[in-house]
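Chemist: everything below, folded, please.
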Amino acid sequence: MPDVVEYAIRGVPMGCVFALVAIGIVLTYKTSGVLNLAFGAQAYVSAALYYTLRDPDRFGWPMVPAVVVSVLIAAPALGWFLDRALYRHLRTAPPVAKLVVSLGLLVAIPQIVNLDFLLGSQAKLAPPGVASEDPIYVAGINTSANEIVTVVVAVLSVLGLGLLFRRTNLGLQMRAVVESPRMTQLAGVNADRVGSFAWMLSSLFAGLAGVLVAPLFAQLTDLDFFGLLIAALAAAVFARLVSIPMAFAGGIALGVGQALAAGVLPADNVLSTGFRSVLPFAVLFGLLLFWPGLRDHAGGGDPLAGVDPPPPSPGGFVRPRWMTVLNRSLAGAGLVVFVVATLAVFDEFWLRVITQGIILSLIFLSVTVVVGLAGQISLCQAAFAAVGAFATAQLVDKTGMSVLVAMVVGAAVAAALGALIALPALRLSGIYLALATLAFAVMFENVLVPLEAVSGPTRQLKVPRPLLAGIDFANNRAFLLLCTALLALVAGIVLLIRNGTTGRALTAMRSSELGVASLGLSTGRLKVIAFAVSAAIAGFGGGLMATFERQMGRQVYQANFTFFVGLVWVVLVITLGARTVPGAVTGGLSFVLFRQILEKVLGVSATLAGSVSFILFGLGALTYAKHPEGIVEAQTQRFVRLVSRRRAHPPDDAPTAVDPVAPAEARP
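Modeler: This is a model prediction of the structure:
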């Protein structure tokens, strides 16, 4: 029993850090309606800056000025910038737009920090704490001055925030902005200024948490701060995104729970080890599904929000017939050119690069189905692809099954998993569904992938190239043509679904679930169909990726299917256009070609090329608020409007019709 108490007390410092970030998330959500998924990245910025300033090989600053700059100056400045440059303009945007923008920042900001001018390409050791890390004993419990300072600072910060809200005029204005920004403006209060202060204050909490938690990690990496974000989100969801005291209590409870799991569960068991690492994700997933009253606070709602005109519907654009014919003609011509180039021009390196892009394009079509057609934000597409890859490899290795048959079976297994995930998530939508699927993706990576029953033995499983109708596709050129044909087949299936009855019902559900239900259609059934079809496509593409790599195992998983890579996939496809097949194909090719062009053509280092690619992919999501149809479709619509205007207004030197000639008078 004393050991349990000691483990629980050891979890309090980390719980206080969780609580600080959770409070910042709640504060931002209450004042702006934004569930800011970039909070972990903001904490990482302050921690990285603090590390750089304290590093004796760079600046070697003392602790106090480093904390002042990284927490009291840089963190609020970053929050102010995000509010003024982005989120202030999204105040009346739909929740999905705010979610996509925050996902883009979640991808881009850590990569900006990781550029060579700040942290370099390698993970750095944790910076020194704000106090001594030498062990001290309090009531017989081993702790450190740094952990005690963390607890004291967290408690004082929460008390100070409470005094700000209850005892100051600014706090009164902030509470008024929470209720109704427009009402507050009518009362003579500058709601924008108050909102900016709230963003600065919440970002300060993120920076403070980043500096306090950095010494607790073995290395300073962005993935650790992503875990910090998820734990804080679990605490914020426990607070129903409205209660700061409950967010503080939830953060501490989660920290204590993690410490107890680490101390009590056996360390030599794969399941217990994975459970300790995914406890925050499991708690978040459970709270999203079962915590009562959570969705009652969604959207927070301003009583005067209805005075804004609704945004134009991206579905209102009707593509003319000539544009459809032109697209199909260009696609056919492009396919012919592509085949010729494949057979005559590309060398082995570019054959592999383009093949990988084609396979990713096929996987990205799964995003087109679940996000583009059904309007459900799923962040676990990489997990579905990995399931198909693992199933294909296991079937080929253990049963000797044909590779193509194994790929189809793997797609069926992924479809079953997709339907299974959709069943408990039927009550979720929007940001809550996105968080639930993200939590599942992380749990899959940390709990299921290490199991031999899922990923196979520690060795890589051999997966040969397909053999079809006597044709051996072991040759890279032949395999590329096969992948292209399979991509065309799956794209055709997606188009058939979109233009059929099911696709029209999914599109209607994307616009209004209530409207679909009023027509007698089951939204739950439609969601299950969307997830199952999407998972099947992703699983089939995952099996194809396994044959491309000629092997499948944990190493191939880490290179292709991690949850963070899947997050980038979804951000990229949504940015380019999740509602169209060209958006998915462009995304798949861009994901691999952009990085290789930077590296092989422009001579950029591999690490820098990867960071720059992710930065641009993430920042591209910022265009979603203006172009929810996607960049590719937006440019297509722009071209159609330009041609239509030129047809309606011919140039001045264009030939005009001949004036009609009056008939000659009849002779008597």
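Chemist: just the buried positions in stretch 282-292, please.
Modeler: Neighbour counts over stretch 282-292 (16 or more other CB atoms under 10 Å) mark 282-285, 287-288 as buried. Where C-beta positions appear, they are placed from N, C-alpha and C, glycine not excepted.
Chemist: sketch out the helices for the stretch 151-300 of the chain, chain order is fine.
Modeler: Taking DSSP state H, counting those that start in this stretch as the test, the helices found in the stretch 151-300 of the chain are 169-179, 181-186, 191-213, 222-238, 244-264, 270-290.
Chemist: oh sorry, the question was meant for the stretch 451-600 of the chain
Modeler: Going by DSSP H, counting those that start in this stretch, the stretch 451-600 of the chain shows helices at 452-455, 476-499, 501-511, 513-518, 523-549, 554-560, 563-576, 581-596.
Chemist: can you tell me what sits against the shortest one?
Modeler: Helix 452-455 has contacts (CB atoms under 8 Å, 6 or more residues apart in numbering) with 390, 448-449, 553-554, 557.
Chemist: same question, the fourth one
Modeler: Taking CB under 8 Å, 6+ apart as the criterion, the residues outside helix 513-518 that touch it are 429, 505, 508-509, 523, 526.
Chemist: now do that helix, average pLDDT.
Modeler: In this model, helix 513-518 carries a mean pLDDT of 83.
Chemist: I'd say Thr484 and Ser361 touch.
Modeler: No: with contact defined as CB atoms under 8 Å, Thr484 does not count as touching Ser361 (9.5 Å).
Chemist: rewinding a little: mind putting the helices of the stretch 151-300 of the chain into TSV with distance to Ala77 and mean pLDDT?
Modeler: Formatted as TSV, these follow (distance: least, CB to CB, whole Å; pLDDT from 0 to 100):
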stretch	distance to Ala77	mean pLDDT
helix 169-179	19	74
helix 181-186	23	71
helix 191-213	8	87
helix 222-238	19	87
helix 244-264	23	87
helix 270-290	29	75
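Chemist: dump these into JSON lines; add distance to Val26 as well.
Modeler: Shown next, in JSON lines, are those (distance: least, CB to CB, whole Å):
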{"stretch": "helix 169-179", "distance to Val26": "10"}
{"stretch": "helix 181-186", "distance to Val26": "17"}
{"stretch": "helix 191-213", "distance to Val26": "8"}
{"stretch": "helix 222-238", "distance to Val26": "5"}
{"stretch": "helix 244-264", "distance to Val26": "5"}
{"stretch": "helix 270-290", "distance to Val26": "14"}
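Chemist: and Leu99, which of those helices is closest to it?
Modeler: Closest approach to Leu99 among the helices of the stretch 151-300 of the chain is made by helix 222-238 (12.6 Å; CB to CB).
Chemist: what's the angle from the closest one to helix 191-213?
Modeler: Angle of helix 222-238 versus helix 191-213, following axes from the mean of the first three to the mean of the last three CA atoms, to 10 degrees, is 120 degrees.
Chemist: ok, the most centrally placed residue in the chain - contacts?
Modeler: Residue closest to the average C-alpha location in the chain (CA atoms, centre = their mean): Leu567, at 3.8 Å. Contacts for Leu567 were tallied using CB under 8 Å, 6+ apart; they are 103, 106-107, 379, 382, 438.
Chemist: try Val4
Modeler: Val4 neighbours (CB under 8 Å, 6+ apart): 260, 263-264.
Chemist: most neighbours, which of the residues you listed?
Modeler: Using other CB atoms under 10 Å as the neighbour criterion, Leu260 leads the contacts of Val4 with 18 neighbours.
Chemist: distance check, that residue against Leu506.
Modeler: 44 Å (CB to CB, to the nearest Å).
Chemist: do the same with Ala239
Modeler: Ala239 is 34 Å from Leu506, by CB to CB.
Chemist: with Gly40 instead?
Modeler: For Gly40 relative to Leu506 (CB to CB), the value is 32 Å.
Chemist: element containing the nearest residue to Ala198 once chain neighbours are set aside?
Modeler: The spatial neighbour of Ala198 that comes closest, neighbours along the chain excluded (CB to CB, 6 or more residues apart in numbering), is Thr31 at 4.0 Å. Here Thr31, judged by DSSP states H and E, is contained in helix 2-32.
Chemist: can you state the direction angle for that helix and helix 222-238?
Modeler: 80 degrees.
Chemist: now helix 2-32: buried residues?
Modeler: 6-32.
Chemist: what average pLDDT does it get?
Modeler: Here the average pLDDT along helix 2-32 is 84.
Chemist: tell me the helix or strand right after that helix.
Modeler: helix 39-54.
Chemist: now the angle from that following helix to helix 222-238?
Modeler: Per the same axes, to 10 degrees, the angle that helix 39-54 makes with helix 222-238 is 140 degrees.
Chemist: and helix 39-54, how far from the chain's centre?
Modeler: 21 Å (CA atoms, centre = their mean, to the nearest Å).
Chemist: the contacts of helix 513-518: which two are farthest apart?
Modeler: Ser429 and Ala505 (16.0 Å).
Chemist: so Ser203 makes contact with Leu78?
Modeler: Yes: taking CB under 8 Å as the definition, Ser203 is a contact partner of Leu78 at 5.5 Å.
Chemist: who's more crowded, the two?
Modeler: Neighbour tally, Ser203 and Leu78, criterion other CB under 10 Å: the higher count belongs to Ser203, 31 against 23.
Chemist: and the closest residue to that one other than its chain neighbours, how many neighbours?
Modeler: Leaving aside its chain neighbours, Ser203 sits nearest to Gly79 (2.6 Å; criterion: CB to CB, 6+ apart). The number of residues packed near Gly79 is 28, by other CB under 10 Å.
Chemist: pLDDT value on Gly79, please?
Modeler: Reported pLDDT for Gly79: 92.
Chemist: close enough to count as contact, it and Met200?
Modeler: Yes: between Gly79 and Met200 there is a contact under CB under 8 Å: 4.6 Å.
Chemist: now Pro450: phi and psi?
Modeler: Dihedral pair for Pro450: phi -70, psi -10, per degrees, to the nearest 10.
Chemist: tell me which element Arg638 is part of?
Modeler: helix 631-648.
Chemist: pull the helix or strand with minimum mean pLDDT from this structure.
Modeler: strand 124-125 (a mean of 64; mean pLDDT, DSSP states H and E).
Chemist: for Asn606, which non-adjacent residue is closest in space?
Modeler: For the record, residue 606 is Ala, not Asn. That would be Glu599: by CB to CB, 6+ apart, it lies 5.5 Å from Ala606.
Chemist: contact partners for that neighbour?
Modeler: If a contact means CB under 8 Å, 6+ apart, then Glu599 has 605-606, 609 as its contacts.
Chemist: mind putting these into TSV with neighbour count, secondary structure and distance to Ala249?
Modeler: Output for the contacts of Glu599, formatted as TSV (neighbours: other CB atoms under 10 Å; DSSP: H, G, I helix; E, B strand; the rest coil; distance: CB to CB, whole Å):
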residue	neighbour count	secondary structure	distance to Ala249
Ser605	12	coil	46
Ala606	13	helix	45
Ala609	19	helix	45
